[in-house]
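Engineer: sequence and predicted structure below; questions after.
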Amino acid sequence: MVRFGSVGLAYPTPRGDPGQEALRDVSFALGEGSFTWLIGPSGAGKSSILRLMQAALRPSSGVVSVLGTDVGRAERAALPALRRKIGVVHQEFRLLPHLSAWDNVALPLRLAGRAEGAVRQDVTEILDWLGLTNKAARAPAELSGGEQQRIAIARAIITRPALLIADEPTSELDVFEARRLIALFVEMNRLGTAIVVATHSEDLPARHPARVITLAEGRVIDAP
Amino acid sequence: MRRDAGGRADPIGLRGALADRLLVALIAAMALFATCALAGHEAVSHLAMRWQKGANAAVTVQIPNPTPARLEAALEVLRALPAVRDAQAVDSTRMAELLRPWLGDVAGLPLPGVIELRLADLAADPVLIGDRVAEVVPGAVTEAHGVFVARLAAVARALSAGALSVLLLVGVVGASVVVLAVRAGIAARRDSVMVLHMLGAADRDIAGRFARRTAWLALVGAILGVLLSGALLWGLSHLAGPMLPDITSDDLPVLGLAAIPLSAVLIAWGATMTSILFWLRRLP
């Protein structure tokens, strides 16, 4: 499902030259329906790996294959379709401030060209599942951090993606909300979605045992 | 929540991002200039055509004591000049007909012979032509008022072409204004555009959202501009009416005026799509 082969990544400088390496010789593979923790200190390269997985970047060297698409070599026009198959939960939520919670959740379905009747049914169902039906008409700014996070998750999973990526998803949440979120990920994984969660916390992997890939200074130091 | 023109949710929040009122005002001004240029083009073209008709007899040469030998000598000299395209003697019967309304029956009057010239080159000096004829046929007189009118018509045609250039320039400036507004808009909504991009929106989808908005604003601005210029042209036509008695409201370039809002929409849509698609190319 996801394969990294000797991947290197250097962010370009403002002048367009290759900058400092963020990833070096990173290799691992994730299977369908897997649950993976990506851990390491800040600057270890977790976010870079997630950005490569969601085709937000192309590798400087090596091969990144996601859901059968070679991210480094794919035509640019092919990447939107790949992105629509991947759910992403950002640390800072990244909800669109001009849309209601309901419209934020509906957005991926509308971008995929789904009929409005089906959009209505799916969004209503998922907001109900996440206990947010009564907040549907509110703007993101009118929601608590936990509520915004759940809306972001609803937006990420509304298309029933094969792969769900989360970057430090609990950093803005209190303990109760964080546990609830991880329980939700576990439930989705049980339903068949492959989950990759990046965190600098060692507590979360300890509470929810799964495969752990450890990073340091842009390299994989442990990938059992 | 904000909705777009089609009633759909507007994820980028474009209503607050594109300086709507300023863009509408600028496009209205552009449409006003365009309308004035178009009307100017039409009016000057009309004048040029009218003057050109008046300049048909560009130069006439009068030959006193018009014996056949003197007329033939004059015609031979004139036809040999490169600046002269055609030279024809006016028939004496036709001359008599032309003078009858003023002089009555002119059969007994000593009328000069008249030769009509068409010049190959409007810049040619009629005085030199007259001097050349007078050398061979003493007493020959050249009248060249038609050349001045023909030159005036040429100037009018140049002005008409200038008005079309202004029209083109207005289109270019209008497109530039739209591009600047779009760039400001994308700077203000960069985060929203990035989110859409990462959710899998195609470039044409994102660019299309901006393009529909600017096209709508261009349509509103252009209609306002055309209406304003309509009032301006109405006032001008009343001022210029006595000088242009044969120009009526039927001569208004109605199709051209109607095409201005359509052109504004197409220019805004095209400039926006190009600008946004170019910006999005930077993203993976």
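Structural biologist: Looks like it came in fine. Numbering: from 1, shown residues only, chains lettered A, B, ... in the order given.
Engineer: next up, phi/psi of the residue nearest the centre of chain A, please.
Structural biologist: Closest residue to the average C-alpha location of chain A: residue A:165 at 2.2 Å, with CA atoms, centre = their mean. Torsion angles at residue A:165 (phi, psi; degrees, to the nearest 10) stand at phi -110, psi 130.
Engineer: correct me, but it touches residue A:89?
Structural biologist: Yes - using CB atoms under 8 Å, residue A:165 is in contact with residue A:89, at 7.2 Å. For glycine as for every other residue, the C-beta is placed from the backbone atoms N, C-alpha and C.
Engineer: ranges for the helices of the chain?
Structural biologist: Since you didn't name a chain, this refers to chain A. A:46-53, A:79-83, A:101-111, A:116-129, A:145-157, A:175-190, A:203-207 (DSSP state H).
Engineer: let me rephrase: I mean chain B.
Structural biologist: For chain B, the helices defined by DSSP H cover B:20-54, B:68-80, B:92-103, B:126-136, B:145-188, B:190-198, B:203-240, B:254-280.
Engineer: what does the stretch 51-200 of chain B have sitting close to chain A?
Structural biologist: Applying CB under 8 Å from any CB of the partner chain, we find that the stretch 51-200 of chain B lies next to chain A at B:191-192, B:195-196, B:198-200.
Engineer: if we use 7 Å, what do you get?
Structural biologist: Counting by CB under 7 Å from any CB of the partner chain, the positions of the stretch 51-200 of chain B adjacent to chain A are B:192, B:195, B:198-200.
Engineer: most surrounded residue in the residues you listed?
Structural biologist: Most neighbours among those, by other CB atoms under 10 Å in any protein chain shown: residue B:199, with 25 neighbours.
Engineer: check that one and give its pLDDT.
Structural biologist: pLDDT, residue B:199: 91.
Engineer: again with the one 5 residues further on
Structural biologist: pLDDT for residue B:204: 93.
Engineer: how about the residues of chain A by chain B?
Structural biologist: Applying CB under 7 Å from any CB, one finds that chain A approaches chain B through A:54-58, A:79-81, A:83-84, A:88, A:94, A:96, A:98-100, A:103, A:107-108, A:111.
Engineer: hmm, 6 Å instead?
Structural biologist: A:56-58, A:80, A:83-84, A:94, A:96, A:98-100, A:103, A:107-108, A:111 (CB under 6 Å from any CB of the partner chain).
Engineer: pull the most distant pair out of these.
Structural biologist: Farthest-apart pair in the residues of chain A next to chain B is A:58 and A:100; separation 34.3 Å (CB to CB).
Engineer: neighbour-wise, which of those two wins?
Structural biologist: Using other CB under 10 Å as the criterion, residue A:58 and residue A:100 rank with residue A:100 on top: 21 against 17.
Engineer: the more buried one contacts residue A:137, doesn't it?
Structural biologist: Yes - between residue A:100 and residue A:137 there is a contact at 5.3 Å, judged by CB atoms under 6 Å.
Engineer: residue ranges with poor pLDDT in chain A?
Structural biologist: A:223 (pLDDT under 70).
Engineer: which parts of the helix or strand of chain B with the lowest mean pLDDT count as buried, going by neighbours?
Structural biologist: Every helix and strand in chain B was compared by mean pLDDT, DSSP states H and E; the lowest is helix B:92-103, with a mean of 76. Neighbour-count burial for helix B:92-103, counted by 16 or more other CB atoms under 10 Å in any protein chain shown, picks out residue B:95.
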